[in-house]
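**Student:** Mind looking at a prediction? Sequence and model below.
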Amino acid sequence: MNVSDFLAPAAVMTDVAAADKRQLLQELAHKAASMMPVSSDRVLSELVKREELGSTAMGGGMAIPHARMQQVDKPLGLLVRLKRPIDFDAVDSKPVDIVFLLLLPETPGGEPLGALASISRKLRDPAIAAAVRGARDRAEIYRRLISD
């Protein structure tokens, strides 16, 4: 699965300011709800439930908060580059500045897991992480993420 299958250019945001993890998840839930037929409260509830199982921060200043939702028929992604890093309870204790929200269908395996694996591989690539952090604008971030 390609990142362009679940990330639209308009779903990339830069210089987002959030005081903490909870505030960021609220903002992401609001943005995601504007792109699909579900309330932001419902999205936030599912994201918080997932975070309670364990942080979705993957180390290196990146996190992939994600949730499975009945209302989602295909993976939906949002990428945020934060203005200032925030604590995300990462295993390496480093603050997070790149966050990729991923909402997935409830169906097990297949496409949903492909989307999560695809963005995880991209963000773990040091060259791509550096490009996202150093990009001038969201169009440049998008181009870098969808390139193979």
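**Tutor:** Structure's in. What do you need?
**Student:** packing partners for the helix or strand harbouring Leu82?
**Tutor:** Here Leu82 sits within strand 76-86, counting by DSSP states H and E. Applying 3 or more Cβ pairs under 8 Å, 6 or more residues apart in numbering; DSSP states H and E, we find strand 76-86 packed against strand 12-16, helix 21-33, strand 96-105, helix 126-134, helix 138-146. (Each C-beta comes from the backbone N, C-alpha and C, glycine too.)
**Student:** quick one: Val12 and Leu79 touch, right?
**Tutor:** Yes. If you go by Cβ atoms under 8 Å, Val12 and Leu79 touch, sitting 4.8 Å apart.
**Student:** what is in contact with the two at once?
**Tutor:** Residues touching both Val12 and Leu79 (Cβ atoms under 8 Å, 6 or more residues apart in numbering) are Ile141, Tyr142, Leu145.
**Student:** what's the straight distance from one end of stretch 17-24 to the other?
**Tutor:** 8 Å (Cα to Cα, to the nearest Å).
**Student:** residues making contact with that stretch?
**Tutor:** 16, 27, 48, 51, 80, 82-84, 86-89, 99.
**Student:** Export those residues to JSON lines and append columns for distance to Ala127 and pLDDT.
**Tutor:** Listed next are the contacts of stretch 17-24 as JSON lines, based on distance: Cβ to Cβ, whole Å; pLDDT from 0 to 100:
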{"residue": "Val16", "distance to Ala127": "23", "pLDDT": "94"}
{"residue": "Glu27", "distance to Ala127": "28", "pLDDT": "95"}
{"residue": "Val48", "distance to Ala127": "33", "pLDDT": "96"}
{"residue": "Glu51", "distance to Ala127": "28", "pLDDT": "94"}
{"residue": "Val80", "distance to Ala127": "20", "pLDDT": "96"}
{"residue": "Leu82", "distance to Ala127": "20", "pLDDT": "97"}
{"residue": "Lys83", "distance to Ala127": "23", "pLDDT": "95"}
{"residue": "Arg84", "distance to Ala127": "23", "pLDDT": "96"}
{"residue": "Ile86", "distance to Ala127": "24", "pLDDT": "97"}
{"residue": "Asp87", "distance to Ala127": "26", "pLDDT": "96"}
{"residue": "Phe88", "distance to Ala127": "22", "pLDDT": "95"}
{"residue": "Asp89", "distance to Ala127": "26", "pLDDT": "92"}
{"residue": "Val99", "distance to Ala127": "19", "pLDDT": "97"}
